[in-house]
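*Asks:* fold the following and give me the result.
(one chain, ligands or ions: 12)
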Amino acid sequence: MRAALLLLLISLAAAENGIDAWLRYAPIPEANSFKDFVPSTIVVLNDSQISPVYTAGQELQQGINSILGQRCQVAYEGSDDSSIIVGTVEAYASTGGSIDGLQELIADGYYISTSAGGVLILGENERGALYGAFAFLETLATGNLSAGSYASNPDAPVRWVNQWDNMRDGGTHGSVERGYGGKSIFFWDGQYARLLASIGINGIVINNVNANETTINDTNIEGVARVADAFRPYGIQIGLSLYFSSPANLSHLDTFDPLNEEVIAWWNNKTTQIYSHIPDFAGYLVKANSEGQPGPLTYNRTLAEGANLFARALQPHGGTVMFRAFVYDSKTLNQTTNWKADRANAAVEFFDGLDGKFEDNVVIQIKYGPIDFQVREPVSPLFTHLENTATSIELQITQEYLGQQAHLVYLPPMWRELLDFDLRVDSQPTPLTSILNGSRFGTKRAGGYAGVVNVGTNTTWLGSHLAMSNLYAFGKTAWYGASAPSPSEIIDTWTRLTFSHDPTVISTINALSLASWPTYENYTGNLGLQTLTDILLGHYGPNPASQDGNPWGQWTRADGNSIGMDRTVSNGTGFAGQYPTEVAEMYERIETTPDELMLWFHHVGYTQKLHSGKTVLQHIYDAHYEGAAMAQTFPVQWEGLKGLVDEERYEHVLYRLRYQAGHSLVWRDSICNFYFNKSGIADELGRVGNYRYRIEAEEMELVEGYKVYQVKPFEAGSGGGWAIATIANNTRGVAEASLDDFFEKSGLSDGTYDVAVNYYDQALGNSTWELWLMDGNGEEALVGEWKGDLEYNLGRAPSPYIDGQTAARVTFNGVQVGRDMKLRIVGVPDGLESAAVDYVSILPEGVVD
Ligand SMILES: *[C@@H]1O[C@H](CO)[C@@H](O)[C@H](O)[C@H]1NC(C)=O
Ligand SMILES: *[C@@H]1O[C@H](CO)[C@@H](O)[C@H](O)[C@H]1NC(C)=O
Ligand SMILES: *[C@@H]1O[C@H](CO)[C@@H](O)[C@H](O)[C@H]1NC(C)=O
Ligand SMILES: *[C@@H]1O[C@H](CO)[C@@H](O)[C@H](O)[C@H]1NC(C)=O
Ligand SMILES: *[C@@H]1O[C@H](CO)[C@@H](O)[C@H](O)[C@H]1NC(C)=O
Ligand SMILES: *[C@@H]1O[C@H](CO)[C@@H](O)[C@H](O)[C@H]1NC(C)=O
Ligand SMILES: *[C@@H]1O[C@H](CO)[C@@H](O)[C@H](O)[C@H]1NC(C)=O
Ligand SMILES: *[C@@H]1O[C@H](CO)[C@@H](O)[C@H](O)[C@H]1NC(C)=O
Ligand SMILES: *[C@@H]1O[C@H](CO)[C@@H](O)[C@H](O)[C@H]1NC(C)=O
Ligand SMILES: *[C@@H]1O[C@H](CO)[C@@H](O)[C@H](O)[C@H]1NC(C)=O
Ligand SMILES: *[C@@H]1O[C@H](CO)[C@@H](O)[C@H](O)[C@H]1NC(C)=O
Ligand SMILES: *[C@@H]1O[C@H](CO)[C@@H](O)[C@H](O)[C@H]1NC(C)=O
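*Replies:* Numbering: from 1, shown residues only. Ligands and ions are numbered 1, 2, ... in the order given. So this is what the prediction gives:
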C-alpha cells in the first residue's frame with residue numbers, strides 16, 4: 001500500500017504537457033502483483049534494425065520498465081520459456097516454436113499468450129508483432145493483465161490517417177489546413193508514427209488533399225522519402241495527395257487528360273521514381289473535380305478514368321489509390337431558381353454508372369455524410385451504390401465544424417451511430433461496417449477507414465488534451481469495426497492510460513465525454529439542419545444565415561414560415577431516393593423520419609409537430625437552452641478533479657471548458673434570436689429575447705473612447721445586434737452604468753452575485769479590460785481584469801471580426817453588488833483588436849443569462 005501511494009504521488013508531481021498522450025506508461029497501483037508475472041527478458045526476433053519487430057522490442061522494454069519499475073533486458077537470439085518473445089509467426093516457427101490456432105491470423109493480426117512462465121507476442125507480419133506489443137502494454141498499463149491467450153485481427157485493411165499539411169510552406173513552419181494544434185509536424189522525430197502505430201494505423205497521407213503539384217517534384221520526393229524512413233520502423237506506409245494537373249504544371253505538358261498517352265507515361269514514370277525512393281509507398285489520395293480542383297471531368301472523362309490512371313501506374317508496385325467521392329460543382333447550384341438543386345445529390349450522381357469500372361486497387365473514400373463533416377448527417381448513400389468497388393469512410397478527428405478542439409466533442413458516439421446504421425441493401429441487413437470490411441459485398445471490396453487528423457507541433461498534439469481521445473478511438477474503431485468496444489469503454493481505457501486509474505477521474509471524463517456530442521448538437525444545429533456555423537469564414541461560431549443564398553449548397557431554406565431541405569422524391573430534391581428502398585421510404589415521409597434528421601429531409605413549418613410532441617421551433621429553443629445549461633456544468637465537473645490530475649493538464653483543460661461554457665451561451669442566444677427574428681414566434685417559456693439580468697453595453701454611458709457598434713450578423717450581439725468598440729486602437733474606452741435601473745428591472749436586491757461580461761476577442765492583439773464597481777461613497781473596487789488573448793491559447797481559426805466567432809464570456813464569482821453602485825468597464829485596445837463589449841450580466845446563483 002505504501003509503495004502504491006508513493007508511486008501515485010510521484011506520478012502526480014510530474015508536470016505533464018500531453019506529449020506522451022496515451023503512451024505515458026505511468027506506474028500502476030497494482031505493479032507489485034504483476035512483477036512476477038512479467039519476465040525480465042525480452043527476446044526479439046527481428047530480421048533487421050528497421051523492422052517493426054525491433055521497434056516492438058524497444059517499446060516493450062521501455063513500457064515494462066516504466067509501468068512496473070523493473071529493469072528488463074532485450075536479447076536478439078535464444079529463447080527460453082521464461083521470457084517475452086516477440087516476432088512474426090514465421091520467425092517464431094524458424095526458432096522451432098509452434099502454436100495451435102495461429103491459422104486464424106490475417107495480415108496485421110497478432111496473437112498474445114500470457115502465462116506464469118512467459119509471454120508470447122506473435123504477428124502475422126512484422127507490423128502485427130508491433131501491434132501485439134502495444135496491445136500487451138495497454139493491458140498491463142490499464143492493470144488488466146491476466147493469464148490466457150487470444151488473437152486479434154483488424155476488421156478492415158485500410159486504416160489510414162490523412163494529415164492536411166501544406167508542404168509548400170516548408171520546413172518546421174509549414175501550415176496545416178484546419179490545423180488547430182499548431183504548425184506542421186513533419187520533419188519532427190518518430191513520435192507521431194509511434195502514436196499511430198499504437199492504435200493500429202497502417203498508412204498516412206502526409207499532405208493536404210488540396211495538394212500542390214510541387215509535392216512530387218524531384219527535391220520533394222527525396223524529402224518525402226525521409227519522412228517514410230521515420231515511419232517505416234512503426235509499420236506505417238506513406239501516401240501522398242496529388243494535384244491532378246501535375247503533368248501540365250510540373251513538366252509543361254499541354255494536357256493532363258487521363259487518357260492521353262504522354263500523360264499516362266508521365267504518371268507511370270513519376271510513380272516509378274517515387275517507388276525507387278520509397279519501395280513501400282502506400283499510394284495516392286486524389287481530390288479531383290471538387291471545389292474548383294482540376295480532374296478528369298475537365299476533359300469529359302469519367303471519374304473512373306481519372307482514378308484508373310493512377311491505379312494502373314501503382315499496380316506494378318502494389319500501391320492503392322484513395323479516390324475521394326467529395327465531388328460537386330457549386331456552379332450548378334442555384335437556390336433561388338431551383339427547388340430541386342441539392343449538393344447532397346452530387347456524389348451519387350457523379351459516380352452513377354461507374355460501379356465496377358474501377359481497377360481493383362482503387363478505394364473510393366467517402367465522407368460519412370453527403371455534405372461535409374456536419375454535427376449530424378445521415379450516412380452517405382453512395383456506400384450502397386458501389387457494390388463492386390472498395391470503399392472507405394472518411395471521418396474527421398479534426399473538429400472542423402465541431403468546435404475546433406476549443407469545444408469538447410467526443411466523437412465515437414456519432415461514429416458508432418453512422419457505422420452501425422443499417423442501410424438495408426436489397427432488404428438485407430447492411431450495417432455500414434459490413435460494407436467497409438467486405439463482409440457484405442465480398443472481401444475484394446474491403447476498404448476501411450480514413451481519419452483526418454491534423455496534429456501539429458503543440459505538445460498536446462491537437463491543441464486540447466481531451467480531444468486526443470478522438471484519435472485514440474479512431475484507431476480502435478478502425479481496428480475492431482462492428483465489434484469495437486463501446487464509446488464508454490473506449491473513453492474509460494483511454495482515461496486510465498492518459499490520466500489516472502482513479503475512479504473519480506475515470507467517471508468524470510466519461511460523463512463529460514459522453515454528454516459532449518449531444519450537448520454540442522443541442523446548442524449548435526438541431527434536427528439535421530447542419531452545424532449552423534459560419535461556413536464562409538472559419539467554420540467556427542454561429543452564423544445560420546451563412547448557409548443560404550450562396551452556391552455552396554449547405555442550405556436550410558429558412559424563411560418566415562418554414563425551414564429545412566425538402567429532399568423527398570415526391571416534391572423535393574429526390575435525395576431520399578438515393579437510399580435502398582426501406583431506408584428511402586423511411587426518409588420520404590415526415591411520419592417515419594426520425595426527429596434528429598427532420599429538417600435534413602423535410603421542409604416544414606416552424607410549428608410542425610415533431611414525434612416528441614414539440615414544435616420544430618420550440619425544439620430548437622429548448623435544445624439550445626438545455627445544451628448551453630449542460631455546457632455550464634462541464635467546468636464544474638472538471639473542477640472536481642483538482643488534485644487528482646496533474647496541475648498542468650488540469651489547468652489547460654479547465655481553461656477550455658470554461659471558454660466552451662461561455663461560447664455555448666453565444667451559440668444559444670445567436671441561434672434562438674435568429675429564428676425568433678425570422679419567424680416572429682415566441683419561445684413558450686419566454687426566454688428568447690428576454691434577458692432580465694443583463695446590462696447592454698450600448699445602453700451604458702460611454703464616458704470616453706467607446707462608440708456603439710453594429711454587430712454583423714445581428715444575432716451575435718445581444719440587444720438586437722449592438723455592442724461597443726473603441727473608436728481608435730490607441731485610446732482606451734470607458735463605459736459606465738448606474739445599477740439602480742438594473743435592480744429595478746431585475747427585481748433583485750443587494751447581495752452577492754456572479755458577474756459575467758460578454759466581450760469580443762478579435763485576432764490579432766491583446767486588448768485588456770477592467771471591470772470596476774464604485775459605491776455611493778465613491779469607493780472604487782476592481783472586480784476583475786482580463787486579456788483578449790484567446791487566439792494565442794485556443795487553436796481555433798482566428799477571426800478579425802466582431803461576431804459569433806470572437807464572442808466570449810468571462811465570469812467573476814461572488815461579487816458584492818448593491819443598488820447604489822456604479823459599474824465601469826475600461827477597455828484598452830491593442831493591435832487590430834478594439835476591446836469590444838456586448839453586455840454585463842449580474843446573476844443570482846444557478847442562473848445563466
Ligand atoms: C536485430 O536487431 C539487433 C539490434 O539492433 C541487431 O543486432 C540484429 O542484427 C538484428 N537482427 C537481424 C537478424 O538483423
Ligand atoms: C480493466 O480493468 C478495469 C478495472 O478492473 C475494468 O473496469 C475494465 O473493464 C477492464 N477492461 C477490460 C478491457 O477488460
Ligand atoms: C520543388 O518544390 C519546392 C517547393 O516545394 C522547391 O523549393 C524546389 O526548388 C522544387 N524542386 C525542383 C527540382 O523543382
Ligand atoms: C503550388 O505552390 C506554388 C508555389 O507556392 C504556387 O505557385 C502554385 O500556385 C501552387 N499550386 C497550387 C495548385 O496551389
Ligand atoms: C522519368 O523520371 C526520371 C526521374 O526518375 C526523370 O529524370 C525523367 O526525365 C522522366 N522521364 C520522363 C519522360 O518524364
Ligand atoms: C466537353 O463536352 C462539352 C459538351 O459536350 C464541350 O462543350 C466541351 O468542349 C468538351 N470539353 C473538352 C475538353 O473536350
Ligand atoms: C440564381 O439565379 C438567379 C436568377 O437567375 C440569379 O439572379 C442568381 O444570381 C443566381 N444565384 C447564384 C448563386 O448563381
Ligand atoms: C413542394 O415544393 C414546393 C416548391 O416547388 C414548395 O413550395 C412546397 O412547399 C412543397 N410542398 C410540400 C408539401 O412540401
Ligand atoms: C438536448 O436537447 C433535447 C431536446 O430539448 C433534450 O431532450 C436533451 O436532454 C438535451 N441533451 C443535452 C445533453 O443537452
Ligand atoms: C499576446 O499575449 C500572448 C500570451 O498571452 C503573447 O504570446 C503574445 O505575444 C501577445 N501578443 C502581442 C501582440 O502582444
Ligand atoms: C499549445 O497550444 C496552446 C494553444 O492551444 C498554446 O497556449 C501553447 O503555448 C502551445 N504550446 C506549445 C508547446 O506549442
Ligand atoms: C492600429 O491599427 C493599425 C492598422 O489598422 C496598425 O497598423 C497599428 O499598428 C495599430 N496600432 C496599435 C497601437 O496597435
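
*Asks:* so which elements touch the lengthiest helix in the chain?
*Replies:* Using DSSP state H, we find that the single longest helix of the chain is helix 647-679. Secondary-structure packing of helix 647-679 (3 or more C-beta pairs under 8 Å, 6 or more residues apart in numbering; DSSP states H and E): helix 503-523, helix 616-639, strand 751-760, strand 807-817. Every C-beta, even on glycine, is put in place using the N, C-alpha and C of the backbone.

*Asks:* could you redo the last one with a cut-off of 10 Å?
*Replies:* helix 503-523, strand 562-563, helix 616-639, helix 718-721, strand 751-760, helix 790-793, strand 807-817, strand 837-843 (3 or more C-beta pairs under 10 Å, 6 or more residues apart in numbering; DSSP states H and E).

*Asks:* among these, which is nearest Gln73?
*Replies:* Evaluated over these, closeness to Gln73 peaks at helix 503-523, with 33.8 Å, by C-beta to C-beta.

*Asks:* how close does the residue in the stretch 301-450 of the chain positioned nearest to ligand 4 sit to Arg416?
*Replies:* Ligand 4 sits closest to Arg324 of the stretch 301-450 of the chain, with a gap of 16.0 Å, by C-beta to the nearest ligand atom. Applying C-beta to C-beta, to the nearest Å, the value for Arg324 to Arg416 is 24 Å.

*Asks:* cool, and Gly804?
*Replies:* The gap separating Gly804 from Arg416 is 30 Å, by C-beta to C-beta.

*Asks:* okay, those two: which has more neighbours?
*Replies:* Ranked by neighbour count (other C-beta atoms under 10 Å), Gly804 and Arg416 place Gly804 first, with 31 against 18.

*Asks:* could you report the pLDDT at the more buried one?
*Replies:* At Gly804, the predicted lDDT confidence score is 97.

*Asks:* I figured it hits Ala716, correct?
*Replies:* Yes. Applying C-beta atoms under 10 Å, one finds Gly804 in contact with Ala716, separated by 3.9 Å.

*Asks:* residues near the residue of the stretch 301-450 of the chain closest to ligand 4, how many?
*Replies:* Using other C-beta under 10 Å, Arg324 has 24 neighbouring residues.

*Asks:* could you do Asp820 as well?
*Replies:* 13.

*Asks:* cool, Tyr655 as well?
*Replies:* Neighbours of Tyr655 using other C-beta under 10 Å come to 16.

*Asks:* now do Ser746
*Replies:* Using other C-beta under 10 Å, the number of residues around Ser746 comes to 20.

*Asks:* how about the one 5 residues further on?
*Replies:* A count of neighbours around Gly751, defined by other C-beta under 10 Å, yields 12.

*Asks:* beta-bridge partners for it, please?
*Replies:* Here Gly751 sits in beta bridges with Val817, as judged by DSSP bridges.

*Asks:* sorry, back to before: beta partners for the residue of the stretch 301-450 of the chain closest to ligand 4?
*Replies:* Beta-bridge partners for Arg324, by DSSP bridges, are Gln365.

*Asks:* I'd guessed it sits against Asp372; true?
*Replies:* No. Arg324 is beyond contact range of Asp372, at 11.9 Å (criterion: C-beta under 10 Å).

*Asks:* where in this structure is pLDDT low?
*Replies:* Applying pLDDT under 70 to the chain flags the ranges 1-15, 79, 101, 168-174, 186-189.

*Asks:* can you tell me how far the closest residue to ligand 7 within the stretch 651-800 of the chain is from Leu514?
*Replies:* Residue nearest to ligand 7 within the stretch 651-800 of the chain (C-beta to the nearest ligand atom): Pro713, separated by 19.1 Å. Per C-beta to C-beta, Pro713 is found 32 Å from Leu514.

*Asks:* again, but for Gly721
*Replies:* Separation of Gly721 from Leu514 (C-beta to C-beta): 36 Å.

*Asks:* what residues of stretch 707-726 count as buried?
*Replies:* By 16 or more other C-beta atoms under 10 Å, the buried positions in stretch 707-726 come out as 709, 711, 713-719, 721-726.

*Asks:* which of these lies closest to ligand 2?
*Replies:* The closest of these, once distances to ligand 2 are taken by C-beta to the nearest ligand atom, is Ala716, at 44.6 Å.

*Asks:* with just CA atoms, put stretch 288-306 into CSV.
*Replies:* C-alpha atoms of stretch 288-306 as CSV (Å, rounded to 0.1, in the frame of the first residue of the first chain):
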residue,chain,number,x,y,z
ALA,A,288,-10.4,15.8,-58.3
ASN,A,289,-13.2,18.0,-59.7
SER,A,290,-14.1,19.2,-56.3
GLU,A,291,-14.2,22.8,-55.1
GLY,A,292,-12.5,24.1,-58.2
GLN,A,293,-9.8,21.4,-58.5
PRO,A,294,-9.0,20.0,-61.9
GLY,A,295,-9.8,16.4,-62.7
PRO,A,296,-10.9,14.0,-65.4
LEU,A,297,-14.2,15.9,-65.9
THR,A,298,-12.2,18.8,-67.2
TYR,A,299,-11.6,16.5,-70.3
ASN,A,300,-15.1,15.0,-70.3
ARG,A,301,-13.6,11.8,-68.9
THR,A,302,-15.3,9.8,-66.1
LEU,A,303,-14.1,9.8,-62.5
ALA,A,304,-13.3,6.1,-63.1
GLU,A,305,-11.0,7.0,-66.0
GLY,A,306,-9.3,9.5,-63.7
